[in-house]
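K.L.:
just need the structure, nothing else, for what follows:
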Amino acid sequence: RRRATPARPPRPPHWRPTPPPWHAVACAFDLRAQQFLHVDHLPDPSQRETVHAHALLATLPTGSLVIADMGYVSYGWFDHVIDSGHHWLSRCRARTSMVTRQVLYVAGDGSVADRIVWLGAHKSTRAAHPVRFVEFRVAGTTRAYLTSVLDPAKLSVRDIAEAYARRWDIEMAFDLLKRHLNLHMVWSPRPALVLAQVFATLAIAQIVQALRIEVAYRAGADPFEVSIPLLMEVVPMLARQGVPDPLATLIERGRALGIIRPSRRITVDVPDIPDGAYAPVSPDATAVRVPRYRSEEHTSELQSPYV
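P.N.:
Numbering: from 1, shown residues only. Below you'll find the model as predicted:
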């Protein structure tokens with residue numbers, strides 16, 4: 001005999017199961033120390049990352065160099081970073097209009113160009129502060145960057161290319177959280193427990209990155225030459241074996257065990273610029289003008305003092 005089961009109530013015609021709540025965090029990441037400086041939970045995960053970026057900017061030490069991807073390209077955002085006492089570095093979008101203020105250096109074959117420009121050649125949209133436009137060509141590939149550091153002695157063309165290539169370090173930090181520390185799976189759909197898991201994992205990641213920096217410093221190696229998966233596997237094993245100083249053992253035998261190995265990071269080829277080839281920065285080239293931003297850039301968090 002089959003036991004009769006009560007019929008389910010009819011579902012609406014367009015019924016869909018309720019998805020689990022999504023969560024998002026906004027982070028400021030120190031590229032030199034490989035540490036999260038500040039992490040905020042965003043109540044609205046669909047919010048654009050540029051909205052909360054202004055709050056993160058206030059947590060940075062004065063004079064920081066802010067490196068962000070193309071999603072943060074905005075004249076209003078660029079001026080706001082400078083007015084907050086910081087500098088910024090970004091790739092330059094194609095067909096960006098600009099007005100040249102001074103030519104600092106141009107190679108004879110045109111492979112390298114370094115100029116001070118105003119962003120926005122039209123009256124409808126333009127930035128207030130002058131910036132540096134750096135463009136070079138290597139092996140048929142042209143790379144163009146923008147930065148608010150106008151003095152080439154403080155930030156050279158090579159420094160610009162190498163620093164912008166480090167923007168992926170935060171993605172590697174997220175990979176540590178999700179893949180190696182298993183944050184790709186949450187323990188509970190409850191928001192409080194999800195946040196507890198996220199911030200506990202972040203605390204562990206900070207310790208792992210600090211151990212990596214310490215091993216690299218004491219071994220005289222680059223931090224990216226230290227394998228994080230092997231580091232997380234060997235350090236607990238040495239601690240369980242009662243080794244008094246696991247880091248000293250790693251430094252002594254790290255290369256033999258493969259924990260310290262050549263880095264596979266991609267390097268950017270940059271043309272060499274002769275010493276003394278740059279023209280001095282003219283005071284007239286650093287003049288500030290009245291900006292005009294697009295309507296979507298006028299938010300409560302972004303008000304230009306020049307308008």
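K.L.:
what segments of this protein are helices?
P.N.:
For the chain, the helices defined by DSSP state H cover 49-57, 75-83, 157-165, 169-175, 191-219, 228-240, 246-257.
K.L.:
buried residues in the fifth one?
P.N.:
So the one you mean is helix 191-219. Neighbour-count burial for helix 191-219, counted by 16 or more other C-beta atoms under 10 Å, picks out 194, 197-198, 201-202, 205, 208-209, 211-213, 215-216, 219. All C-beta spots, glycine's among them, are computed from the backbone N, C-alpha and C.
K.L.:
show me where the stretch 201-307 of the chain dips below the pLDDT cut-off.
P.N.:
Scanning the stretch 201-307 of the chain for pLDDT under 70 picks out the ranges 295-307.
K.L.:
could you count how many residues lie near the closest residue to residue 259 other than its chain neighbours?
P.N.:
Leaving aside its sequence neighbours, residue 259 sits nearest to residue 230 (C-beta to C-beta, 6 or more residues apart in numbering; 4.6 Å). For residue 230, the count of nearby residues is 16 (other C-beta atoms under 10 Å).
K.L.:
same question for residue 220.
P.N.:
That count, for residue 220 with other C-beta under 10 Å as the rule, works out to 9.
K.L.:
quick check: phi and psi on it?
P.N.:
phi 70, psi 30 (degrees, to the nearest 10).
K.L.:
got the contact list for it?
P.N.:
Under the criterion of C-beta atoms under 8 Å, 6 or more residues apart in numbering, residue 220 has no neighbours.
K.L.:
tell me how far it lies from residue 214.
P.N.:
According to C-beta to C-beta, to the nearest Å, residue 220 stands 12 Å off from residue 214.
K.L.:
same check, this time on residue 76
P.N.:
41 Å.
K.L.:
and what of residue 132?
P.N.:
36 Å.
K.L.:
same deal with residue 46?
P.N.:
39 Å.
K.L.:
who are the contact partners of the residue lying closest to residue 182 once chain neighbours are set aside?
P.N.:
What sits nearest to residue 182 in space, not counting adjacent residues and going by C-beta to C-beta, 6+ apart, is residue 201, at 7.9 Å. Contact partners of residue 201, counting by C-beta under 8 Å, 6+ apart, are 177, 181-183.
K.L.:
would you turn those residues into a markdown table with distance to residue 264, neighbour count and pLDDT?
P.N.:
Below are the contacts of residue 201 laid out as a markdown table (distance: C-beta to C-beta, whole Å; neighbours: other C-beta atoms under 10 Å; pLDDT from 0 to 100):
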| residue | distance to residue 264 | neighbour count | pLDDT |
| --- | --- | --- | --- |
| 177 | 21 | 19 | 93 |
| 181 | 21 | 17 | 93 |
| 182 | 24 | 12 | 91 |
| 183 | 24 | 18 | 89 |
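K.L.:
what's the closest of those residues to residue 284?
P.N.:
The shortest approach to residue 284 among the contacts of residue 201 belongs to residue 177, at 48.1 Å (C-beta to C-beta).
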